[in-house]
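Participant: got a sequence here, can you build the structure:
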Amino acid sequence: MPSLSFYRIEIDTIDAPQHPIVFFRKERKCKTAKGADRQHDRIVNETVDQWRQFSQQIRRYTISRVPAEEVTEMVVN
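Facilitator: Alright, predicted model coming up:
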């Protein structure tokens, strides 16, 4: 199993700044620091592009790398 990097993405909206939208992404771990920087930049750009239709309602994006223990599994019925 390949090593993975996990990213926490928080989106603060104008209507509910105290209750951000939070979700996680996982990607293959990069071998170099420069590769990790590029990967982070790519995830930022993809997130902004995916949420562009809601840009008038979004105040801030926060994207950070987190340890695997912080990622929780969500059970969907």
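
Participant: how about the strands in this protein?
Facilitator: 4-13, 21-28, 58-66 (DSSP state E).

Participant: which of those strands sits most buried?
Facilitator: strand 4-13 (a mean of 16; mean count of other CB atoms under 10 Å). Every residue, glycine included, has its C-beta placed from N, CA and C.

Participant: now that strand: mean pLDDT?
Facilitator: Confidence for strand 4-13, expressed as mean pLDDT, is 94.

Participant: note down every partner strand of it and its orientation.
Facilitator: strand 21-28 (antiparallel), strand 58-66 (antiparallel) (DSSP bridges).

Participant: I'd like those strands written out as a markdown table, with distance to Phe6 and mean pLDDT added.
Facilitator: Shown next, in a markdown table, are the strands paired with strand 4-13 (distance: least, CB to CB, whole Å; pLDDT from 0 to 100):
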| stretch | distance to Phe6 | mean pLDDT |
| --- | --- | --- |
| strand 21-28 | 5 | 93 |
| strand 58-66 | 5 | 94 |
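
Participant: tell me how far Ile14 lies from Val22.
Facilitator: Using CB to CB, to the nearest Å, we find Ile14 at a distance of 17 Å from Val22.

Participant: still on that earlier bit, in CSV: the strands of the chain, plus distance to Ala36.
Facilitator: Below are the strands of the chain laid out as CSV (distance: least, CB to CB, whole Å):
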stretch, distance to Ala36
strand 4-13, 7
strand 21-28, 10
strand 58-66, 8
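
Participant: nearest to Asp41, of these?
Facilitator: Shortest separation from Asp41 across these is recorded for strand 58-66, at 9.8 Å, computed as CB to CB.

Participant: off-centre distance for the closest one?
Facilitator: Relative to its parent chain, strand 58-66 has a centroid offset of 6 Å by CA atoms, centre = their mean, to the nearest Å.

Participant: likewise stretch 15-25?
Facilitator: 11 Å.

Participant: could I get the CA-only coordinates of that stretch as CSV?
Facilitator: Written as CSV, here are the backbone C-alpha positions of stretch 15-25 (Å, rounded to 0.1, in the frame of the first residue of the first chain):
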residue,chain,number,x,y,z
ASP,A,15,-23.6,33.2,6.0
ALA,A,16,-22.1,30.8,8.6
PRO,A,17,-18.5,31.8,9.4
GLN,A,18,-18.5,29.8,12.7
HIS,A,19,-19.6,26.6,10.9
PRO,A,20,-17.2,25.9,8.0
ILE,A,21,-17.7,23.2,5.4
VAL,A,22,-15.0,20.6,6.2
PHE,A,23,-13.9,17.6,4.1
PHE,A,24,-10.7,15.6,3.5
ARG,A,25,-8.7,14.5,0.5
